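Colleague: Fold the following and give me the result.
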Amino acid sequence: MKRSGTADLPLHYGHIPKWLSERMSRLGFAITEAIITEYGTAEVLRRLSDPFWFQSLGAVMGMDWHSSGITTSVMGALKSAVNPFSKELGIYICGGKGKSSRQTPQELLFYSNRTGLDGNELVRCSKLSAKVDNTAVQDGFQLYMHSFIVNSEGLWTVVQQGMQNQGATARRYHWHSSSMQSFVDEPHTAICGVNQGNILNMVAKEASPARTALVSMGLEDPSRLLAEIQKMPRLIMPGQHDVRAKDVDLKRLGAMLWLTHEKQPADFEELLLLDGMGPRTLQSMALVSEVIYGTPSRFKDPARFSFAHGGKDGHPFPVPVNIYDETISVLSKAVQKAKIGESDKLHAIRQLSEISRQAEKDFTIHNYPEANFNELLEKERNESWKYGGKTIFGDAKPPEGGQLNLF
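Modeller: As a prediction, this is how the structure comes out:
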């Protein structure tokens, strides 16, 4: 087990409107299902343990790109969408915010009874990860949210968040059971009971290093833990609401826009042939594709992913609901086709991500300067009404002036 990173986020309050929460669940499910189809459940757990990827996922789902609300809203959306299909997907999400976090032990035991996992050991892992972040490490943050994600083989990830008693920031902690992977392929040979498939024995002799590590971390001196934490990936989001040029990799963003709006190579003709797949939906699909297929180095600027579906507070622009729905439809259909052996659509989505990365090498529009970035923001805001744009304040309205062209 290891603590895999942290994220410091401006503390935001407020609710998620129903029109967004429902879409977040649907898109979150489609992305999760696509990753499982391509890589397996272990990859979902690994990605959720990466603070940069997690923030990028929240941004592409239309949440405030930088705020603490991403944590609870993303995990809530995933839990409501994934758990009804936990048997088929092989993954289960426990806990949540406030009172829901205290249900984690019961939910873990429930899932363990269905899968043959050692529920007591998983509960121990859950409690220890919370104890370390809430008690052993005295960083001024008190936990108020704890999510424990486990797959049918017993691998798990923890995403939990604390709030400062005096301050305006929240801190998200990520844990990953990577050091336990060597035990996944060794099922029990001396368990009596109804056969429920392969069973992971976290109390076996071979698992003693993992148990020792869990206990020792709970007893560790906080100063030593803090020293180790400084070596981990740490995401620090700015306090301002608006997305600025400095928050994104302009060359990556510019190359993606150039590709999806202008170049449109024939390599992903299967996507272009789908009903309603215009340049704007292709822009969103390119960023969703990167969330599914991108390597860790691609998520150093999570704000870039807010250019898929905007943000509920209007930054960088209102959520284009019609484009959001089209993105969900395209991805969901591709995943369902792949399940029955027709993987051409899912392959096209993957190619979109790869072609976008390749396009960056040849992109020469002044490396996409800040002036282009500001034009993009105005263009997206001016045209948001065309795509059913919404924010928590209401529907987007047509601008009084003319439209701007990006290129």
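
Colleague: quick check, Asn313 in a helix?
Modeller: Quick fix: residue 313 reads Asp, not Asn. No: in this structure, Asp313 is coil, not part of a helix, as judged by DSSP: H, G, I helix; E, B strand; the rest coil.

Colleague: pLDDT at it, what is it?
Modeller: On pLDDT, Asp313 comes in at 91.

Colleague: burial measure for it, as a count.
Modeller: 19 (other CB atoms under 10 Å). Where C-beta positions appear, they are placed from N, C-alpha and C, glycine not excepted.

Colleague: And it, how far from Gln142?
Modeller: Distance of Asp313 to Gln142, computed by CB to CB, to the nearest Å: 26 Å.

Colleague: Please apply the same query to Lys386.
Modeller: Lys386 is 45 Å from Gln142, where distance means CB to CB.

Colleague: Break this protein into its domains for me.
Modeller: 2-236, 245-395 (automatic domain parsing).

Colleague: For those domains, which has the smallest mean pLDDT value?
Modeller: Least confident of the domains of the chain, judged by mean pLDDT, is domain 2-236 with a mean of 80.

Colleague: Off-centre distance for it?
Modeller: Counting by CA atoms, centre = their mean, to the nearest Å, domain 2-236 is centred 12 Å from the centre of its parent chain.

Colleague: Could you list which residues are in contact with Phe29?
Modeller: Leu78, Ala81, Val82, Phe85 (CB atoms under 8 Å, 6 or more residues apart in numbering).

Colleague: The second one contacts Arg26, correct?
Modeller: When you say that, I think you mean Ala81. Yes: with contacts counted by CB atoms under 8 Å, Ala81 reaches Arg26, the gap being 6.9 Å.

Colleague: Could you report the neighbour count for Asp362?
Modeller: Neighbours of Asp362 using other CB under 10 Å come to 10.

Colleague: what's the distance between it and Ala338?
Modeller: In this structure, Asp362 and Ala338 are 30 Å apart, going by CB to CB.

Colleague: can you check Arg304 too?
Modeller: In terms of CB to CB, Arg304 sits 27 Å off from Ala338.

Colleague: between those two, which one's more packed in?
Modeller: Arg304 (25 against 19).

Colleague: ok, so what distance separates the closest residue to that one other than its chain neighbours from Gly28?
Modeller: Excluding the flanking residues, the one nearest Arg304 by CB to CB, 6 or more residues apart in numbering is Val248, at 4.3 Å. Distance of Val248 to Gly28, given as CB to CB: 22 Å.

Colleague: Run through the bridge partners of Trp175.
Modeller: Counting by DSSP bridges, Trp175 forms beta bridges with Arg3, Val158.

Colleague: check contacts around it.
Modeller: Contact analysis of Trp175 by CB under 8 Å, 6+ apart lists Met1, Lys2, Arg3, Ser4, Ser49, Ser129, Thr157, Val158, Val159, Gln160.

Colleague: okay, the contacts of Phe29 in a markdown table with neighbour count next?
Modeller: As requested, the contacts of Phe29 are exported to a markdown table (neighbours: other CB atoms under 10 Å):
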| residue | neighbour count |
| --- | --- |
| Leu78 | 25 |
| Ala81 | 22 |
| Val82 | 21 |
| Phe85 | 14 |
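
Colleague: Columns distance to Glu33 on top of the residues you listed, output as CSV?
Modeller: Formatted as CSV, the contacts of Phe29 follow (distance: CB to CB, whole Å):
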residue, distance to Glu33
Leu78, 11
Ala81, 9
Val82, 9
Phe85, 8
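
Colleague: Those in helices, which ones?
Modeller: Under the assignment DSSP state H, the contacts of Phe29 contribute Leu78, Ala81, Val82 to helices.

Colleague: which one among the residues you listed gets closest to Leu122?
Modeller: If you rank the ones in helices among the contacts of Phe29 by distance to Leu122 using CB to CB, Val82 comes first, at 17.1 Å.

Colleague: mind listing what that closest one touches?
Modeller: Gly28, Phe29, Thr32, Leu89, Ile91, Tyr92, Ile93.

Colleague: again with Ile236
Modeller: Taking CB under 8 Å, 6+ apart, we find Ile236 in contact with Ala7, Asp8.

Colleague: And for Phe373?
Modeller: Applying CB under 8 Å, 6+ apart to Phe373 gives the contacts Ala245, Val248, Leu250, Leu253.

Colleague: Can you flag which of those residues belong to helices?
Modeller: Reading helices off the contacts of Phe373 with DSSP H, I get Leu250, Leu253.

Colleague: Save the contacts of Phe373 as JSON lines, and put in neighbour count and distance to Leu57 too.
Modeller: Converted to JSON lines, the contacts of Phe373 look like this (neighbours: other CB atoms under 10 Å; distance: CB to CB, whole Å):
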{"residue": "Ala245", "neighbour count": "17", "distance to Leu57": "22"}
{"residue": "Val248", "neighbour count": "23", "distance to Leu57": "16"}
{"residue": "Leu250", "neighbour count": "20", "distance to Leu57": "22"}
{"residue": "Leu253", "neighbour count": "22", "distance to Leu57": "17"}
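
Colleague: from the contacts of Phe373, which is closest to Glu326?
Modeller: Leu253 (20.6 Å).

Colleague: Would you mind measuring from the closest one to Gly140?
Modeller: Taken as CB to CB, the span from Leu253 to Gly140 is 35 Å.

Colleague: which residue sits closest to Cys94, ignoring its sequence neighbours?
Modeller: Glu107 (3.9 Å).

Colleague: Surely the one you found is in contact with Ser100?
Modeller: No: under the criterion of CB under 8 Å, Glu107 is not in contact with Ser100, lying 9.1 Å apart.
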